[in-house]
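In: Build the 3D model from these lines:
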Amino acid sequence: METQTERTFLQDSNVHVTNSRFTAAGKTFAMRNISSVSAHHYPKSKIPAIFLMIVGIGITFSGGTNALIIGIFILGLAILWFRSIKDRYSVRINSNSGEADGLTSTDREYIYSVVNAVNEAIIHRG
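Out: As a prediction, the model looks like this:
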């Protein structure tokens, strides 16, 4: 029987993708069980931060020095909150046992690079 050499498609501190396995976030998936892989997007709602911005603007223009200071403070916090909200992305693995998120991150490009590496490994597997 001929043995196949394990080929690495992606390796960094969080992920290791070879033609025989995909390891990420403490989970290992056997390539022979993976039927497909895709990127999945989990959008975060920005509505509460926008609502707080509106409240801050309303307080700012309600009149008085104290209202102006409080309104600007609330508006500043709301803007910081709004800017900190990041969508999450995941590597979605489909296998004979169902769907699972193999890795999640706020870095869209990183997730797509992992998805591409797993796809290459699936193709290489044949």
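In: ok, which stretches of this protein are strands?
Out: Using DSSP state E, the strands of the chain run over 8-11, 15-18, 21-24, 27-30, 34-42, 88-95, 98-105.
In: Now render the ones you listed as TSV, adding distance to residue 80 and mean neighbour count.
Out: Any C-beta I mention is one placed from the backbone N, CA and C, and that applies to glycine too. Putting those into TSV (distance: least, C-beta to C-beta, whole Å; neighbours: other C-beta atoms under 10 Å) gives the following:
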stretch	distance to residue 80	mean neighbour count
strand 8-11	34	15
strand 15-18	31	22
strand 21-24	31	20
strand 27-30	34	13
strand 34-42	22	14
strand 88-95	19	20
strand 98-105	22	16
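In: got TSV for those strands, with mean pLDDT and distance to residue 59 too?
Out: Below are these laid out as TSV (pLDDT from 0 to 100; distance: least, C-beta to C-beta, whole Å):
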stretch	mean pLDDT	distance to residue 59
strand 8-11	91	50
strand 15-18	94	46
strand 21-24	92	45
strand 27-30	90	47
strand 34-42	94	32
strand 88-95	94	32
strand 98-105	91	37
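In: Distance to residue 48 for those - can I get that in CSV?
Out: Output for the strands of the chain, formatted as CSV (distance: least, C-beta to C-beta, whole Å):
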stretch, distance to residue 48
strand 8-11, 36
strand 15-18, 33
strand 21-24, 31
strand 27-30, 32
strand 34-42, 16
strand 88-95, 17
strand 98-105, 22
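In: which residues does residue 40 contact?
Out: Residue 40 is in contact with 89, 90, 91, 92, 101, counting by C-beta atoms under 8 Å, 6 or more residues apart in numbering.
In: Distance of it relative to residue 15?
Out: 16 Å (C-beta to C-beta, to the nearest Å).
In: I'm done for today, thanks for sticking with me.
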